[in-house]
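*Asks:* Model the following, please.
(chains A and B)
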Amino acid sequence: MTEPLPPSPSESSRLLADLTSAEYAAGFVTDIASDAIPAGLSEDVVKLISAKKGEPEWLLDFRLRAFRNWQAMPVPEWARVHYPPIDFQSIVYYSAPKQKLDGPKSLAEVDPKLLETYEKLGVPLHERAALAGVAVDAVFDSVSVATTFKDKLHEVGVIFCSFSEAVREHPELVKKYLGTVVPYSDNFYAALNSAVFSDGSFCYIPKGVKCPMELSTYFRINAKNTGQFERTLIIADDDAAVSYLEGCTAPMRDENQLHAAVVELVAHENARIKYSTVQNWYPGDKDGKGGIYNFVTKRGACRGHNSKISWTQVETGSAITWKYPSCILQGDNSVGEFYSVALANNRQQADTGTKMIHIGKNTRSTIVSKGISAGHGQNTYRGLVKIGKNAEGARNYSQCDSLLLGPHCGAHTFPYIDVQDPTAQMEHEATTSKISDDQIFYFQSRGLSTEDAVSMIVNGFCKEVIKELPMEFAVEAQKLLGLSLEGSVG
Amino acid sequence: MLRITDLHAKAGDKPILKGLSLSVNGGEVHAIMGPNGSGKSTLAHVLAGRPGYTVTGGEVLYKSSPLFDMAPEVRAREGVFLAYQYPVELPGVSNLYFLRSALNAIRRHRGESEMDAMDFLAIAKEKARFVELDETLVKRNVNEGFSGGEKKRNEIFQMAVLEPSLAILDETDSGLDIDALRIVAKGVNRLRSEDRAMIVVTHYQRLLEYIVPDFVHVLIDGKIALSGGKDLALELESKGYEWLEKEPVQARG
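*Replies:* Numbers count the residues shown, from 1 in each chain, chains lettered A, B, ... in the order given. Predicted coordinates for the structure are as follows:
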């Protein structure tokens, strides 16, 4: 009796063939009435947004200067991403769920549909149900709908609120810091954001205070054809410390949606800011239809001596990611860190990395970037390490690793190094690896499935970065990486 | 345990196994010897289900079930274990986590409860002593930066933890110096038991001084040309394989 078997398909071609069906769990739409302005962008729209928020004159001025600047700027084309030109006149720049004029005063006033939305996303806003030790600012389309644990934070002097509230309640702080790390003239999308930003999160940690809980913002895009333009501003005063997290999701839609945020961090003497991102915007379908364009400017200034800013990002979503969370190391002995996992599956494109600008003496920076490419995904690391001429004793360590799953994806690395001080020490390591058929078979021959194999290899590849995330989010991020590659194996 | 009848298989497009038959019972150790290219490693890989090989004829029953109906990972869960000639490295994957996941995949398959990390650690420590595998290696990533000898010991360590019913050792002696060989063989010998069968694939008789087989089979051109007891290995050592390749010999023993 013979039982001929067909040739065993190569595991990686199986991987490739099936790298498609990952379910995007956050893809639902909340049916809620919204107050939106018509699509299109002009000075009048900028004025309308400002008026809707009841802003002071100086902020409208800032917006208008930004807008005029933006009009004269060319669309940046240097990133290794490809997409049809964006029609900025077809985007809705302000959309808010209908609610009482000046926003809900407490959680009891928040529309239950919104609470339900965040509940479904695993971010319950009721403080009883909320993750212990994590305060959340929930941003829905253009506005912040709720901020939890505000009172508890207030007791220790920490200000954590929506950006709009900060403009109303703490204008002196906003005025002092807004646009000082990312000027509105910085780049095309930062200028656009500065003109039309609608909300975001603000936090201020006063001198000597170690923030007693994790602060977080959960960004949700819901409305159709709407762009989300939020700003985050975090200030850690002398000897203060804070850990901040952000998460992002959006419904599955066939059209691309633009998310252009600006994040500014300021760390004064001996201050510590840890900023973690788990980005899971809708990535589009397997053929690249729909998905978020995530064009974000994030930068932190280590202004004081011995200050430290640490970025950790896990980027699994978005059709296109374009962001370079950076550190300006002004204070002597200040420290910048960048830990990143970027995943590009199906038709996703990611061009991400960091800039470490060493200005002060004995400044140190660490870059650990892990890129995972699957399907037809294209992943680019782009980074700049600049050592200024007075940055004596500056040190940088960079590590860029790429993992390729299947033959149709790509990994690209563009590390720029500019050293003007002879005492600087630079180290750069880079690797590119694939999961080999032999590795997959090794797992199988020990009783483990191909999925187990891929997930263990991917988790092993990322663990240096994942361990930098706060505990609850590390678990979340690992699950997300698994989900984003789910169906990648038979 | 294992009954191979008239097995034909190709590696890529090239026919390698050309009518191989072999029966292995629990408790037995069978040595498969033969010249280079005779199909020894192909046999090991086909039994484990490695991609790149095509079975073109014959039948293999494992515990009375058709082996080729099972995916490679199912064979492993059913107790088939391949100790590799060249174990791959798994960067970033910790040895302990890997092995506990494997053990739990097998336990789930048998309907048993999963083993927690603490219980597993105790077992892993005990089994590591078996093969004199340094505890720091046990905790490192799978085979990453291991020497050739350490990789082979790690294979036997895995075998000790997973306790297979059918262990296939593919040229476990290759690249080992005499001390490493002795340690590996000691580990293997301690794993010999009534309910476990072993197939030891080797080119040289040297390994069989340490792992004494119950049967020796000589593979020539994809078929078993001669079978015998452990003395056959010694005979091959002095006479080489050439005389077998020239004239077919009736099976003995």
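*Asks:* beta partners of the most centrally placed residue in chain B?
*Replies:* The centroid of chain B falls nearest to B:Ile168 when counting by C-alpha atoms, centre = their mean (1.7 Å). For B:Ile168, the beta-bridge partners are B:Leu82, B:Ile199 (DSSP bridges).
*Asks:* That one reaches B:Tyr84, doesn't it?
*Replies:* No. Counting by C-beta atoms under 8 Å, B:Ile168 stays clear of B:Tyr84, with 9.7 Å between them. Bear in mind the C-beta positions are built from the backbone N, C-alpha and C, glycine included.
*Asks:* For residue 189, which residues are in contact?
*Replies:* In the absence of a named chain, chain A is used. By C-beta atoms under 8 Å, 6 or more residues apart in numbering or on different chains, A:Tyr189 lies in contact with A:76, A:260, A:295-297, A:322.
*Asks:* Chain B is the one I meant
*Replies:* B:Asn189 makes contacts with B:210-211, as judged by C-beta under 8 Å, 6+ apart.
*Asks:* Quickly find the element holding it.
*Replies:* Using DSSP states H and E, B:Asn189 sits in helix B:178-190.
*Asks:* buried sites along that helix?
*Replies:* Going by neighbour count (16 or more other C-beta atoms under 10 Å in any protein chain shown), the buried part of helix B:178-190 is B:180-181, B:183-188.
*Asks:* Taking those together, which two end up most distant?
*Replies:* B:Ala180 and B:Val188 (12.6 Å; C-beta to C-beta).
*Asks:* can you give me the strands in chain B?
*Replies:* Listed in chain order, the strands of chain B (DSSP state E) span B:2-11, B:14-24, B:29-33, B:53-62, B:65-66, B:80-83, B:166-170, B:197-201, B:215-220, B:223-228.
*Asks:* let me fix that: the stretch 251-400 of chain A
*Replies:* Taking DSSP state E, counting those that start in this stretch as the test, the strands found in the stretch 251-400 of chain A are A:256-259, A:262-267, A:272-279, A:291-302, A:308-315, A:320-323, A:326-329, A:335-344, A:349-358, A:364-374, A:378-387, A:395-405.
*Asks:* could I get those as JSON lines with mean pLDDT and mean neighbour count?
*Replies:* Converted to JSON lines, these look like this (pLDDT from 0 to 100; neighbours: other C-beta atoms under 10 Å in any protein chain shown):
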{"stretch": "strand A:256-259", "mean pLDDT": "84", "mean neighbour count": "22"}
{"stretch": "strand A:262-267", "mean pLDDT": "97", "mean neighbour count": "27"}
{"stretch": "strand A:272-279", "mean pLDDT": "92", "mean neighbour count": "24"}
{"stretch": "strand A:291-302", "mean pLDDT": "93", "mean neighbour count": "26"}
{"stretch": "strand A:308-315", "mean pLDDT": "94", "mean neighbour count": "26"}
{"stretch": "strand A:320-323", "mean pLDDT": "92", "mean neighbour count": "26"}
{"stretch": "strand A:326-329", "mean pLDDT": "98", "mean neighbour count": "28"}
{"stretch": "strand A:335-344", "mean pLDDT": "94", "mean neighbour count": "27"}
{"stretch": "strand A:349-358", "mean pLDDT": "95", "mean neighbour count": "26"}
{"stretch": "strand A:364-374", "mean pLDDT": "95", "mean neighbour count": "25"}
{"stretch": "strand A:378-387", "mean pLDDT": "95", "mean neighbour count": "23"}
{"stretch": "strand A:395-405", "mean pLDDT": "94", "mean neighbour count": "22"}
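*Asks:* Now render these as CSV, adding distance to A:Leu483.
*Replies:* Formatted as CSV, these follow (distance: least, C-beta to C-beta, whole Å):
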stretch, distance to A:Leu483
strand A:256-259, 20
strand A:262-267, 25
strand A:272-279, 12
strand A:291-302, 16
strand A:308-315, 12
strand A:320-323, 17
strand A:326-329, 29
strand A:335-344, 10
strand A:349-358, 17
strand A:364-374, 13
strand A:378-387, 18
strand A:395-405, 15
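*Asks:* From A:Cys462, how far off is the closest residue to chain A within the stretch 1-150 of chain B?
*Replies:* As assessed by C-beta to the nearest C-beta, chain A sits closest to B:Gly92 within the stretch 1-150 of chain B, at 2.4 Å. B:Gly92 sits 8 Å away from A:Cys462, going by C-beta to C-beta, to the nearest Å.
*Asks:* Settle it for me: which of these two has more neighbours?
*Replies:* A:Cys462 (24 against 21; other C-beta atoms under 10 Å in any protein chain shown).
*Asks:* Am I right that the more buried one sits in a helix?
*Replies:* Yes. Counting by DSSP: H, G, I helix; E, B strand; the rest coil, A:Cys462 falls inside a helix.
*Asks:* residues near A:Arg168, how many?
*Replies:* 16.
*Asks:* do A:Lys467 as well
*Replies:* For A:Lys467, using other C-beta under 10 Å, the count is 11.
*Asks:* State the distance from it to chain B.
*Replies:* From A:Lys467 across to chain B, the span is 12 Å (C-beta to the nearest C-beta, to the nearest Å).
*Asks:* Correct me if wrong: that residue contacts A:Ala474.
*Replies:* Yes. Using C-beta under 8 Å, A:Lys467 is in contact with A:Ala474, at 6.9 Å.
*Asks:* re earlier: now tabulate the strands of chain B in a markdown table and tack on mean pLDDT.
*Replies:* Converted to a markdown table, the strands of chain B look like this (pLDDT from 0 to 100):
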| stretch | mean pLDDT |
| --- | --- |
| strand B:2-11 | 96 |
| strand B:14-24 | 96 |
| strand B:29-33 | 95 |
| strand B:53-62 | 96 |
| strand B:65-66 | 96 |
| strand B:80-83 | 96 |
| strand B:166-170 | 96 |
| strand B:197-201 | 96 |
| strand B:215-220 | 94 |
| strand B:223-228 | 93 |
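*Asks:* Could you export these as JSON lines, including distance to A:Ser340?
*Replies:* Listed next are the strands of chain B as JSON lines, based on distance: least, C-beta to C-beta, whole Å:
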{"stretch": "strand B:2-11", "distance to A:Ser340": "42"}
{"stretch": "strand B:14-24", "distance to A:Ser340": "46"}
{"stretch": "strand B:29-33", "distance to A:Ser340": "50"}
{"stretch": "strand B:53-62", "distance to A:Ser340": "40"}
{"stretch": "strand B:65-66", "distance to A:Ser340": "48"}
{"stretch": "strand B:80-83", "distance to A:Ser340": "38"}
{"stretch": "strand B:166-170", "distance to A:Ser340": "40"}
{"stretch": "strand B:197-201", "distance to A:Ser340": "45"}
{"stretch": "strand B:215-220", "distance to A:Ser340": "52"}
{"stretch": "strand B:223-228", "distance to A:Ser340": "56"}
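*Asks:* Nearest to A:Ala241, out of those?
*Replies:* strand B:80-83 (51.3 Å).
*Asks:* close enough to count as contact, B:Met70 and B:Gly79?
*Replies:* No. Look at B:Met70 against B:Gly79 with C-beta under 8 Å: they stay out of range, at 11.0 Å.
*Asks:* my read: A:Asp137 touches A:Glu214, true?
*Replies:* No. Using C-beta under 8 Å as the test, A:Asp137 is too far from A:Glu214 to be in contact (11.9 Å).
*Asks:* Between the two, tell me which one has more neighbours.
*Replies:* Using other C-beta under 10 Å as the criterion, A:Asp137 and A:Glu214 rank with A:Asp137 on top: 29 against 21.
*Asks:* hang on, that one is in a strand, isn't it?
*Replies:* Yes. Residue state for A:Asp137 (three-state DSSP) corresponds to a strand.
*Asks:* mind listing what it touches?
*Replies:* So A:Asp137 contacts A:144, A:146-148, A:160-162, A:201, A:215-218 (C-beta under 8 Å, 6+ apart).
*Asks:* wait, what's in contact with the nearest residue to B:Ser23 once chain neighbours are set aside?
*Replies:* Nearest residue to B:Ser23 in three dimensions, chain neighbours excluded: B:Arg3, at 5.0 Å (C-beta to C-beta, 6 or more residues apart in numbering or on different chains). B:Arg3 makes contacts with B:22-24, B:59-61, as judged by C-beta under 8 Å, 6+ apart.
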